[in-house]
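Asks: Okay, sequence plus prediction incoming.
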Amino acid sequence: MGAAEFDASFPPDQQNRLAHALTEAGVAHTIEIYANAKHGFAVNGHLAYDCESSERHWQRLRGLLEETLSPPRPGEGVLR
């Protein structure tokens, strides 16, 4: 999960609560806080848009989706 450093809707106490809940549930996760970014940093054209943080966020998200949703390569994911 990517979040802005300055985001009143996801303050540090909520970040910690979410991390704790995910850990307790056994869910593999990462919560990445983008320094100096404001809520809306990844939305091109938004007043809070931050190109550097946005690019890093989309690269990380793309990597997660590719890893999670890509079909297995031949020989991978086969139970024998």
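Replies: Cool, the structure landed. Numbering: from 1, shown residues only.

Asks: Give the other helices and strands that the longest helix along the chain contacts.
Replies: Residue-count comparison of every helix in the chain, with assignments taken from DSSP state H, identifies helix 51-69 as the longest. Under the contact definition 3 or more Cβ pairs under 8 Å, 6 or more residues apart in numbering; DSSP states H and E, helix 51-69 sits against strand 2-6, strand 32-38. Yep, even glycine has a C-beta here, placed from its N, CA and C like the rest.

Asks: just how off-centre is it within its chain?
Replies: Distance of helix 51-69 from its chain centroid, counting by Cα atoms, centre = their mean, to the nearest Å, is 8 Å.

Asks: Repeat that for stretch 32-44.
Replies: With Cα atoms, centre = their mean as the basis, the mean position of stretch 32-44 lies at 11 Å from the chain mean.

Asks: buried ones in that stretch?
Replies: Buried residues in stretch 32-44, defined by neighbour count with 16 or more other Cβ atoms under 10 Å: Ile33, Tyr34, Ala37, Lys38, His39, Phe41, Ala42.

Asks: Also stretch 63-80?
Replies: Neighbour-count burial for stretch 63-80, with 16+ other Cβ under 10 Å as criterion, is recorded at no position.

Asks: What of stretch 6-17?
Replies: Under the neighbour-count criterion of 16+ other Cβ under 10 Å, stretch 6-17 has Phe6, Asp7, Phe10 buried.

Asks: Kindly format the C-alpha coordinates of it as PDB.
Replies: Extracted in PDB, the C-alpha atoms of stretch 6-17 (Å, rounded to 0.1, in the frame of the first residue of the first chain):
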ATOM      1  CA  PHE A   6       0.700  14.300   4.600                       C
ATOM      2  CA  ASP A   7      -2.800  12.700   4.500                       C
ATOM      3  CA  ALA A   8      -5.300  13.500   7.200                       C
ATOM      4  CA  SER A   9      -7.400  10.500   6.200                       C
ATOM      5  CA  PHE A  10      -4.600   8.000   6.900                       C
ATOM      6  CA  PRO A  11      -2.600   9.400   9.900                       C
ATOM      7  CA  PRO A  12       0.300   7.400  11.500                       C
ATOM      8  CA  ASP A  13      -2.000   5.800  14.100                       C
ATOM      9  CA  GLN A  14      -4.200   4.400  11.300                       C
ATOM     10  CA  GLN A  15      -1.200   3.200   9.500                       C
ATOM     11  CA  ASN A  16       0.000   1.400  12.600                       C
ATOM     12  CA  ARG A  17      -3.500  -0.100  13.200                       C
END
